[in-house]
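>>> Quick one: sequence plus predicted model below, questions after.
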Amino acid sequence: MEINVLIDEDLEDCPEVSWFQSVAEQVLVAQGAGSDVELGLFIASQERVQELNKGYRGRDEPTDVLAFSAREEIGADLSSFVQPPDGVLHLGEVIISYPQAITQAEEHQHSIKKELAILIIHGMLHLLEYEHDEPELERQMAAREAEILSHIEGGLS
């Protein structure tokens, strides 16, 4: 597994890159994604996430997590995806607003690490073709998020 983590400068008290990689690896293992998988995880400022939200989704507003699937861009799904020559499944990118995660952690009265894990799980499930645009799909995705979170909660205090 290759999990590339980038953290914007000037984000205070942000967990280490290794913590983010560990959480993402646990999500991939829980989803049975295999070892030849690559994704990017970008921990960003609220301004940067809002710019991306406006540029790619047409919404000029803050958001907590964005997911950009590499598979959607090439029009393939996971089951029929043709492996690139390097044999690695490139999933895409998950971008998280660290300031928004702090705000949401305070609102939900839990740790910032737990909130970050929730956002990582949510974004990665989008890369793995989960959606929540219909009530039943939303219930399925929320249940899977809770199940994965329960397996990794040990290091989230």
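Perfect, I can see it now.

>>> going forward, measure contacts and count neighbours with C-alpha atoms only.
Noted.

>>> quick one, strands of the protein?
Taking DSSP state E, the strands of the chain run over residues 2-7, 37-44, 65-69, 89-97.

>>> Pipe those strands into JSON lines and attach mean neighbour count, distance to Lys114 and mean pLDDT per row.
As requested, the strands of the chain are exported to JSON lines (neighbours: other CA atoms under 10 Å; distance: least, CA to CA, whole Å; pLDDT from 0 to 100):
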{"stretch": "strand 2-7", "mean neighbour count": "17", "distance to Lys114": "18", "mean pLDDT": "96"}
{"stretch": "strand 37-44", "mean neighbour count": "21", "distance to Lys114": "15", "mean pLDDT": "95"}
{"stretch": "strand 65-69", "mean neighbour count": "21", "distance to Lys114": "14", "mean pLDDT": "93"}
{"stretch": "strand 89-97", "mean neighbour count": "23", "distance to Lys114": "13", "mean pLDDT": "93"}
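
>>> Looking at those, which is nearest to Met141?
strand 65-69 (14.6 Å; CA to CA).

>>> ok, residues contacting the closest one?
49, 53, 91-97, 119, 122-124, 126-127 (CA atoms under 8 Å, 6 or more residues apart in numbering).

>>> orientation of that strand relative to strand 37-44 in degrees?
150 degrees (axes from the mean of the first three to the mean of the last three CA atoms, to 10 degrees).

>>> Strand 65-69 pairs with which strands, and in what direction?
Strand 65-69 sits in its sheet next to strand 89-97 (antiparallel), going by DSSP bridges.
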